[in-house]
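Colleague: need coordinates for the below:
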Amino acid sequence: MALFKTPHFRTTQLFSAIGIISSIGLIGCQSTPSQVNTFPVVTPASSQDIEVTGDKVIEWANGYDWQLAQAIDAQGKTTTISAADPITFEITPHTVSLKQGCQNYSIGFNSLTAPPFPYHGFGLLPSKTDCINHLPNQEDVSGGSMLATLLLKDSFLNFNLKQLHQDQSPTAKPFASQRLALITKQGNTLIFQGTPKSFAKPAGLPITHELLEAYQWRLVSALNPSYDDHGKLLSKAPIGDFYHPDFPITLGFSNTKEQYASFYSNCNYGIGGIYALLKDHTLLIGKGSQTVMSCGLNGNRVETRLSNLETGSRSKLTLSLQPTTATADFPRYNLLQTMATGETLVWQNEPLPKYSGLPLEESNVSKTDSTKDDQLPTVNVEPDH
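Modeller: Coordinates of the predicted model:
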């Protein structure tokens, strides 16, 4: 009986806290030329205790470990959450997750850039749980549990995220912790307390939003590693879908309406999503909306592979300088992107396109026979090892 009570208490407490989020539940080695031009390296600004607004809240929130402190319903009733059995919170540009003990649930969301509730949740995502191991001879809480039922009562959840100001009293300890509020359209609020994460020093040159957004980045190398049964790297093979000459792949970072990473392969626009660049150069990319033109057999294959790899992804960026010449009018970079799944992509910077908006009429997909078998060209740039 004791084995049942402890996890049951955890589950009940998590039910109560999550239930407040909606009306029923959480519904919702480089050679150096003899003569080169030198360019200044952009250094990131120092971290300061400033108010974070808009889509940058997600990036800021990834600098902290969050624990639910209070839950306030639409009628103003406040529930204080015990720190002895914590409910933790994580967010990426496309998911929010709550975890307590063996319970772990996530909600996927898209950004609609429509304040005051710019994030649109679309239902419970499959989540891992080991609660069944703690509840012998009881119901399988990994499926059909009360929590899962509550989460699925409503398929939609519009919400906002807001940094809360710290205590400004003389006895307060600045920079020790932060507070984050998740506010739903139904009028309910979850308040989290955050402690700073420790980040390893990143490799390579400093990377800033301004540097990423100053250029268009063209894919020049894409490799897929293979390993033996012991995890030893055997080889790296080119990702063939990313070398079709009629569908070159580019990446752009923007910060107009939102902080967005967008991939383009000469057909549809919008592959990618909101991005967050962390202190250790981890890049998080969400899931956005895209146009849905048919790109032909090969074009569709390229876009599908690109979308599957990059949307909702986590990767690590490493920046290095290419050798430059005296005539270079801007610094030339190699941007190595190492995916969490092992693939390595190398991007090189080039000037931003001159056009504005989405020149769909300029797509030259129809100028080529996209049904022909494509030949894989030689890989000219290898990622740094």
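Colleague: so residue 179 bridges to which residues?
Modeller: residue 164, residue 193 (DSSP bridges).
Colleague: correct me, but it touches residue 195?
Modeller: No. Checked against Cβ atoms under 8 Å, the pair residue 179 and residue 195 is beyond contact range at 11.1 Å. Every residue, glycine included, has its C-beta placed from N, CA and C.
Colleague: what distance do you get for the closest residue to residue 335 other than its chain neighbours to residue 250?
Modeller: Closest residue to residue 335 apart from its sequence neighbours, by Cβ to Cβ, 6 or more residues apart in numbering: residue 347 at 4.3 Å. Distance, residue 347 to residue 250, by Cβ to Cβ, to the nearest Å: 8 Å.
Colleague: hey, what's in contact with both of those two?
Modeller: Common neighbours of residue 347 and residue 250 are listed as 217-219 (criterion: Cβ atoms under 8 Å, 6 or more residues apart in numbering).
Colleague: from those, which land in strands?
Modeller: 217-219 (DSSP state E).
Colleague: tell me the one of these nearest residue 320?
Modeller: Proximity of these to residue 320 (Cβ to Cβ) peaks at residue 217, which lies at 13.5 Å.
Colleague: which pLDDT does the model give the closest residue to the closest one other than its chain neighbours?
Modeller: Sequence neighbours aside, residue 347 is the residue nearest to residue 217 in space, at 3.9 Å (criterion: Cβ to Cβ, 6+ apart). pLDDT, residue 347: 98.
Colleague: just checking, residue 347 is part of a strand?
Modeller: Yes. Using DSSP: H, G, I helix; E, B strand; the rest coil, the assignment for residue 347 is a strand.
Colleague: surely residue 299 is in a strand?
Modeller: No. Counting by three-state DSSP, residue 299 is not part of a strand but helix.
Colleague: isn't it right next to residue 265, touching?
Modeller: Yes. The pair residue 299 / residue 265 is scored as a contact, 7.1 Å apart, by Cβ under 8 Å.
Colleague: where does pLDDT dip in the stretch 1-150 of the chain?
Modeller: Applying pLDDT under 70 to the stretch 1-150 of the chain flags the ranges 1-55, 113, 123-150.
Colleague: switch the cut-off to 80
Modeller: Applying pLDDT under 80 to the stretch 1-150 of the chain picks out residues 1-55, 82-83, 85, 100-103, 105, 111-115, 122-150.
Colleague: ok, back up a step: buried ones from the shared contacts of residue 347 and residue 250, can you make that a ChimeraX selection?
Modeller: For the buried members of the shared contacts of residue 347 and residue 250, the matching ChimeraX selection, counting by 16 or more other Cβ atoms under 10 Å, is:
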select :217,219
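Colleague: now the shared contacts of residue 347 and residue 250 as TSV including distance to residue 159 and pLDDT?
Modeller: TSV is the format used below for these (distance: Cβ to Cβ, whole Å; pLDDT from 0 to 100):
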residue	distance to residue 159	pLDDT
217	32	98
218	36	98
219	34	98
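Colleague: following element in sequence after whichever helix or strand residue 263 is part of, please.
Modeller: Following DSSP states H and E, one finds residue 263 within strand 259-264. Under the assignment DSSP H and E, the closest C-terminal helix or strand after strand 259-264 is strand 271-277.
Colleague: please enumerate the helices of the stretch 151-300 of the chain.
Modeller: Secondary structure of the stretch 151-300 of the chain by DSSP state H, counting those that start in this stretch: the helices cover 209-213, 296-310.
Colleague: in CSV, list those along with mean neighbour count and distance to residue 190.
Modeller: Listed next are these as CSV, based on neighbours: other Cβ atoms under 10 Å; distance: least, Cβ to Cβ, whole Å:
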stretch, mean neighbour count, distance to residue 190
helix 209-213, 18, 28
helix 296-310, 19, 30
